[in-house]
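Asks: no sequence for this one, just the structure:
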Ligand SMILES: Nc1ncnc2c1ncn2[C@@H]1O[C@H](COP(=O)(O)OP(=O)(O)O)[C@@H](O)[C@H]1O
Ligand SMILES: [Mg+2]
């Protein structure tokens, strides 16, 4: 009936059956964070549960590589869930009377890992979630934020390559939530799991997602990168959805730039520059001349290539077509530069082409979605000294080439 053009509501009225999801096709790539966003009741959980076979679609198929999830015998399906596809819910289902370690190890227990081994694995995850030395505490002794960390650690301790997350941070207050998102991103940056992440929060979707699917009434109304969704809303619905983030029109590069603390001088050699990049975890570095005038940008891989060949000069690695803007350039004009070039940062130059700031992708997206007032309060939004590299690098870790 839906295919014949009747609306979801009409189908419901006439048949008494709900369309959970309809015509919602997508692919998820290895190592990607794929976000499904939509209002409550739009079908996000329905889809997520179809991915691991908890929901059997009336029509259509789910494939994991070449395996057909939808027609798998239940015993085999349980095995796939145990070994390959983990699921995390909003309340994480922690066991209150068990210790932190036992809770983290719980997923491994289900996977059949021997006690000693899973305890060791659980212990290894503690530092990553900031719970070092807290392993023997009971869940009831923890604050809300700490509990959440335990839940995240549990999900991350398992070796399942695919993680389905259904609004895991939705119940948290905004500050803790931001923390958890960052924590999740930094851990994910190393683990490179394939994640399907459900949320109803646009900021969260745009911050975490490599690609985002927007759902309405059971259907995907747009699927694309955060940049594409912001720049080219597919229809009026999406436009209204992203309306709140349209600060791009009034905000400028200055409000999201950070001080370029680490630069390379054109006179320096590749080995020295490469070392600096490694030290600060930079994938790109801006190159300036003695007067700090922008010459271009270098990618770590290119610098490494020169260093390997024992080249003396950095010049060969310098891309002089680096994107540059001015302090006053509106974010609306900065955004497209990232659409073209992915994660390459954009230089902010002042008088005489002097390098004054750097806009990194993560900060730009965050700048588009955080409220303008918060930024205005701080006046000059430049972070002080030591924070820069942290802020500057608070970019999502992405796989090379993705
Ligand atoms: N078990 C169920 N039985 C009947 N209808 C359901 C059931 N689960 C979800 N629905 C309906 O399916 C639609 C999609 O729900 P859901 O996937 O839970 O949305 P979301 O996760 O986006 O909030 C809604 O209209 C909801 O009322
Ligand atoms: Mg749901």
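Replies: Thanks, I have the structure now. Bear in mind the structure is a predicted one, so any value in this text is a computation, not a measurement. Ligands and ions are numbered 1, 2, ... in the order given.
Asks: Do you have the strands of the stretch 301-402 of the chain handy? List them.
Replies: Ranges of strands in the stretch 301-402 of the chain, per DSSP state E, counting those that start in this stretch, are 318-319, 324-325, 346-349, 355-359.
Asks: And the lengthiest helix in the chain, what does it pack against?
Replies: Longest helix in the chain by number of residues (criterion: DSSP state H): helix 174-191. Packing contacts for helix 174-191, counted by 3 or more C-beta pairs under 8 Å, 6 or more residues apart in numbering; DSSP states H and E, involve helix 144-157, helix 202-208. The C-beta positions use only the backbone N, C-alpha and C, and glycine is treated the same way.
Asks: Could you figure out how far the longest one is turned away from helix 174-191?
Replies: Interaxial angle of helix 144-157 relative to helix 174-191 (axes from the mean of the first three to the mean of the last three C-alpha atoms, to 10 degrees): 20 degrees.
Asks: got the contact list for the helix or strand following helix 144-157?
Replies: Later in the chain than helix 144-157, the nearest helix or strand by DSSP states H and E is strand 162-166. Residues outside strand 162-166 that contact it (C-beta atoms under 8 Å, 6 or more residues apart in numbering) are 44-45, 48, 51-52, 64, 84-90, 155, 193-198.
Asks: so what's the residue nearest the centre of the chain up against?
Replies: For the chain, the residue nearest the mean C-alpha position is residue 208 (2.5 Å; C-alpha atoms, centre = their mean). If you count contacts by C-beta under 8 Å, 6+ apart, residue 208 has them with 33, 35, 181, 184-185, 197, 199, 396.
Asks: 10 Å instead?
Replies: Each residue near residue 208 by C-beta atoms under 10 Å, 6 or more residues apart in numbering is listed here: 33-35, 165, 169, 181-182, 184-185, 188, 195, 197, 199, 201, 226, 396.
Asks: which of the contacts of strand 162-166 are close to ligand 1?
Replies: Contacts with ligand 1 within the contacts of strand 162-166, as defined by C-beta under 6 Å from any ligand atom: 44-45.
Asks: For ChimeraX, what selects the buried ones among the contacts of strand 162-166?
Replies: To isolate the buried subset of these in ChimeraX, counting by 16 or more other C-beta atoms under 10 Å, use the following:
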select :44,45,48,51,52,64,84,85,86,87,88,90,155,193,194,195,196,197,198
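Asks: Of the contacts of strand 162-166, which belong to strands?
Replies: Per DSSP state E, strands hold the following members of the contacts of strand 162-166: 64, 85-88, 194-198.
Asks: If we only consider those residues, which is nearest to residue 95?
Replies: Residue 95 has its nearest neighbour among the ones in strands among the contacts of strand 162-166 in residue 88, at 15.0 Å by C-beta to C-beta.
Asks: and that closest one, bridged to which residues?
Replies: As for beta bridges, residue 88 partners with residue 165 under DSSP bridges.
Asks: Look up how far residue 162 lies from it.
Replies: 11 Å (C-beta to C-beta, to the nearest Å).
Asks: Provide a list of residues in contact with residue 50.
Replies: 20-21, 24, 43, 56-57, 60-62, 69-70.
Asks: And the furthest pair within the residues you listed?
Replies: For the contacts of residue 50, and using C-beta to C-beta, no pair is farther apart than 43 and 69, which are 18.0 Å apart.
Asks: More neighbours: these two, which one.
Replies: Between residue 43 and residue 69, residue 43 has the larger neighbour count (other C-beta atoms under 10 Å), namely 24 against 19.
Asks: pLDDT value on the more buried one, please?
Replies: pLDDT, residue 43: 95.
Asks: Contact partners for it?
Replies: Residue 43 makes contact with 8, 18-22, 24, 36, 50, 215-220 under the criterion C-beta under 10 Å, 6+ apart.
Asks: Ligand 1 contacts on the stretch 51-200 of the chain?
Replies: Counting by C-beta under 6 Å from any ligand atom, no residue of the stretch 51-200 of the chain is near ligand 1.
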